[in-house]
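A.B. asks: requesting a structural model of the entry that follows:
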Amino acid sequence: MIVVEKKQELKEYLAAERQQGKHIGLVPTMGALHQGHLSLVKRCVEENEVCVVSVFVNPTQFNDKHDLETYPRTLEADCALLEKAGCTYVFAPSVEEMYPEPDTRQFCLGPVAEVMEGPRRPGHFNGVAQVVSKLFYIVEPDRAYFGEKDFQQIAVVREMVRQLRIPVEIVACPIQREADGLALSSRNVRLTPAQRQEAPLIARTLKESVALVKEKSVEEVKRFVCDTLNANPVMEVEYFEIVDGHTMQPIADWKDTDYPVGCITVYCGEVRLIDNIKY
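C.D. replies: Down below sits the predicted model:
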């Protein structure tokens, strides 16, 4: 495994790989890797001769300075995990390497970016589009792998790829969970022991809500999920929307889509946790 910090150096390595007819897969990450990330790497290694994993905490997608400062950075541990997982190249650039000058591009990502995370994290998806498009231009992957925990983000990346006509296949991979159901996240390490004990209630409640679909309306299911979680003293639901899984637009009736997905964001203490479930 080779760790690369410079764009030009990585491009040269990958040009040589491409000349040998090898397929290149990319897993974009912000580091602090866990088994969720490693499941993406495993899939990438299985489906491509070359696996590139980027480890870069992207400042342009944080609308909260405190969140950016406290985001865990564990490059050495990450590289040890990636080597074991069969990664070919780790791309770990500095902020200056990725942004030699400010990226002033403004993306019009349309309706998929205007709901849920969109209004609550102004500029977040624009920052995601900036960094992911830069990575695609540097790596020129055949396939790129994203986890379904960030369900709306995948829709945003697909839209960005469509607009920029980037020839890459976006591969969505299932959420990985702890044994007690909590969705794996780099933020989980910030939970206190007491909060960590309560956090699996999010996944449990979503799972329970699936059984209500046959007899309850969309509104009633939403109310059940929010009331159950808000009754827990360490939790506060920021939003819970049931949306069309293709368009990300909220639905009013189960008949409105053949792909209903419940997307939730919950504060567990100060830690913002996201999850989703398919109905």
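A.B. asks: element containing residue 233?
C.D. replies: Under the criterion of DSSP states H and E, residue 233 resides outside all helices and strands.
A.B. asks: no, scratch that, I was asking about residue 144
C.D. replies: strand 143-147.
A.B. asks: which parts of whichever helix or strand comes after that strand are buried?
C.D. replies: Next in sequence after strand 143-147, counting helices and strands by DSSP H and E, comes helix 151-164. If you call a residue buried by 16 or more other C-beta atoms under 10 Å, then helix 151-164 has these buried ones: 151-157, 159-161. No exception for glycine: its C-beta is placed from N, CA and C like everyone else's.
A.B. asks: how about the helix or strand just after helix 151-164: buried residues?
C.D. replies: Counting by DSSP H and E, the next helix or strand C-terminal to helix 151-164 is strand 169-173. For strand 169-173, burial by neighbour count (16+ other C-beta under 10 Å) applies to 170-171, 173.
A.B. asks: returning to that earlier point: now the strand holding residue 144, how far from the chain's geometric center?
C.D. replies: 9 Å (C-alpha atoms, centre = their mean, to the nearest Å).
A.B. asks: helices and strands of the chain: which one has the lowest mean pLDDT?
C.D. replies: Of all the helices and strands that make up the chain, helix 65-70 has the lowest average by mean pLDDT, DSSP states H and E, namely a mean of 84.
A.B. asks: and the residue nearest to residue 91 when sequence neighbours are not counted, how far from residue 2?
C.D. replies: Among residues not flanking residue 91 along the chain, residue 54 sits closest, at 4.5 Å (C-beta to C-beta, 6 or more residues apart in numbering). As for residue 54, its distance to residue 2 is 13 Å (criterion: C-beta to C-beta, to the nearest Å).
A.B. asks: next one: residue 103
C.D. replies: Applying C-beta to C-beta to residue 103 and residue 2 gives a distance of 26 Å.
A.B. asks: so what's residue 245 up against?
C.D. replies: By C-beta atoms under 8 Å, 6 or more residues apart in numbering, the residues touching residue 245 are 151, 257, 259-261, 278.
A.B. asks: need the pLDDT of it.
C.D. replies: Residue 245 carries a pLDDT value of 97.
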